[in-house]
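Asks: Would you be able to build a 3D model of this:
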Amino acid sequence: MDKYKVSVVVPTYNSGLFLNAFFDSMMYQSIGFENIQVIFVDDNSDDEYTLYLLELFDKNFSNVKSIFLDENNGFPGKGRNIGLDLSDAEYVVFSDHDDTYVPEAFEIMYDAAKDKDVDMLITNYYKIFPSKRVEVTTVFDGENALINNFTDDERFFTIDPAIWCKLFRKDFLIENDIHFLQGMLAEDLYVYIVSLLKSKCTYYLDDFFSYNYNIRNVEGDRSTIHIRNKKYLGKMVEGYYELDKFLADSDLAEYYSDIFNMHFVYWLTSLVLSDISDDDKRELIEYINPLLKKNVKTVPGFNERIYSNLTEPILADDYAETVNIISSIKRYRGILNRFTDAFRKSER
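Replies: Here you go, the predicted structure:
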């Protein structure tokens, strides 16, 4: 018999004040805090306030566990795997440490999961900017969808892999040996796609927004979405290779471009917007090029007009030309942004 309805696994690292807001969103869940287990796995923080809060939560609440790792891993995969193994709940969700859930999140997610007997339940989410809250729009356009096999509706491949708005039946993950990649990124994409391919029942609530994803972009305080250094981009590619291997080993390579295309567009856009050197860009392009080549053979130009000129150099392994085109795209974007800003000022 499971002790709790939902386990919330939270990797932390120097989380500080973010933890207070996150924990408040746990305390006031309409499902009842007593029905939730919160598992913090700290990645060897050196911030005393973070450690104090984690110890305080663990000491004062029987349904909270705080685990402290001896070494910093730098990525959330290991912490999430440890939390999954420690879960005493029927369902498990994996949160980031600096965001929050809406008050009715787990009640609606749990009830829907039980009602449909799902392996994985997916919800939508809000993007929270300093001055506004934005509802994420999808190709489902507010439609809820239930599938028993991923081939029932391949639109599911286009769902954001963000792991924090997905509820999993814990036994489903354990029985299928589904764990997060460790020491690399795209670990959420990996778990989402593997789960989708193995699930016998997946339910998407596109009309319910369960999560507040805080978008921060100031010096010293940036959301992951705004981190575009060489290490980050390289670790994403490392995760892509692991997913590629899974598809090949599972005889599912025919779905390669359906799964990867939009993620390659995201990766290329991140590379365009980055400030890393041309030498580092070339090194990253050389690393990812075998994956890009398989994709553009099926989807030339990634179905994105701005990247249409990349097909030929990718297929020719011409890394220097690929970097040249990426640099020209960055210059074009800069000119366009300056023109747009000037036009807006003239309209005031």
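
Asks: what domains does the record give for this structure?
Replies: What automatic domain parsing lists as the domains of the chain is 4-218, 227-346.

Asks: give the contact list for the nearest residue to residue 184 once chain neighbours are set aside.
Replies: In this structure, residue 184 finds its nearest non-sequential neighbour in residue 238, 4.1 Å apart by C-beta to C-beta, 6 or more residues apart in numbering. C-beta coordinates here come from the backbone N, C-alpha and C atoms, glycine included. By C-beta atoms under 8 Å, 6 or more residues apart in numbering, the contact list for residue 238 reads 184-186.

Asks: In which helix or strand does residue 238 reside?
Replies: helix 230-249 (DSSP states H and E).

Asks: buried residues in stretch 312-330?
Replies: Neighbour-count burial for stretch 312-330, counted by 16 or more other C-beta atoms under 10 Å, picks out 313-314, 319, 321-326, 329-330.

Asks: Now render these as JSON lines, adding distance to residue 150.
Replies: Shown next, in JSON lines, are these (distance: C-beta to C-beta, whole Å):
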{"residue": "313", "distance to residue 150": "33"}
{"residue": "314", "distance to residue 150": "28"}
{"residue": "319", "distance to residue 150": "34"}
{"residue": "321", "distance to residue 150": "37"}
{"residue": "322", "distance to residue 150": "32"}
{"residue": "323", "distance to residue 150": "36"}
{"residue": "324", "distance to residue 150": "38"}
{"residue": "325", "distance to residue 150": "34"}
{"residue": "326", "distance to residue 150": "33"}
{"residue": "329", "distance to residue 150": "33"}
{"residue": "330", "distance to residue 150": "36"}
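
Asks: out of these, which one sits closest to residue 274?
Replies: When the buried residues of stretch 312-330 are ranked by distance to residue 274 (C-beta to C-beta), residue 330 comes first, at 8.7 Å.

Asks: before we move on, back to that, for the buried residues of stretch 312-330, name the two members farthest from one another.
Replies: So, the buried residues of stretch 312-330 by C-beta to C-beta: farthest apart are 314 and 330, at 17.5 Å.

Asks: pLDDT of the helix holding residue 238, averaged?
Replies: Across helix 230-249, pLDDT averages out at 98.
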